[in-house]
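> Sharing a model that was predicted from the sequence below.
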Amino acid sequence: MNNKFNNLIKGIKGKSYFDIHLYNDLYQSKKTGKLNITTGIDSLISMYDELFSFGFSLSGYQFIGLVLEKTIVSNNNNFAPLAYFLLSIGFLFSLFGAMTSFFIMEYLYSIKQESLEFIVYSLSRYKTLFKGFSDVLLYLDCILFLAPIIILIYNVLSPVYGKIFNICSGLLFILGLLFSYIVIIAKQIFKNSEENKEVKRLIYDKEN
């Protein structure tokens, strides 16, 4: 059991949420005497199902904006065509992001009954591809959804209120990046002062 566990975790490279799900599942199932990754796969499927719904919903709102083409382009805002162009690109990103999330779910469903070695090594190989074509793409799509609003807000608000809106958008964008870094990217190690010990994720005990 220990040898099989050690061989499997050698295929887990990095500390991303893919790696954490795989490692934690293997680590916890090791205690039961039967290694499996079912819970981790189901968690990933659930996450990409949410991303699929998000991308599809966002594309719907962007489609409504594209239908209002004449309202957007036919005004005195010189940057209105740029706003329409960004909305069009965002619509494509939404559809492609939703489509790739669906493909990822299909792949995750298809590997549930494969060998543990195949699951670990295939997800380690494809995780960057999955995150790039789904997570990052939909994140960029949020920017493309907001950018036209930032441009067109001046059609209905005075310049002062428009600038306030833009400043708030910029601050929230920076806070979003910071929040994402803290809870997803940054290494999470906490200090238990009462027992004078570190509290950290299980995967941090894994040898690189």
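Yep, it's here.
> Now do the helices in the chain.
2-9, 17-32, 38-67, 69-73, 80-111, 116-130, 137-152, 159-180 (DSSP state H).
> Among these, which comes closest to residue 201?
Nearest to residue 201 among these is helix 17-32; the distance by Cβ to Cβ comes to 6.5 Å. The C-beta positions use only the backbone N, C-alpha and C, and glycine is treated the same way.
> Outside of that closest one itself, list whatever touches it.
Applying Cβ atoms under 8 Å, 6 or more residues apart in numbering, the contact partners of helix 17-32 are 1, 5, 8-9, 12-13, 35-41, 43-44, 47, 116, 119-120, 123-124, 127, 130-131, 184, 201-203, 206.
> Of these, which count as buried by neighbour count?
Buried by 16 or more other Cβ atoms under 10 Å: 8-9, 12, 35-37, 40-41, 43-44, 47, 116, 119-120, 123-124, 127, 130-131, 203, 206, out of the contacts of helix 17-32.
> Dead centre of the chain: give me the residue that sits there.
Residue closest to the mean C-alpha point of the chain, counted by Cα atoms, centre = their mean, is residue 135 at 3.2 Å.
> if I pick the closest residue to it other than its chain neighbours, what's in contact with it?
Excluding the flanking residues, the one nearest residue 135 by Cβ to Cβ, 6 or more residues apart in numbering is residue 51, at 7.0 Å. Applying Cβ under 8 Å, 6+ apart to residue 51 gives the contacts 97, 98, 101, 134, 135, 138.
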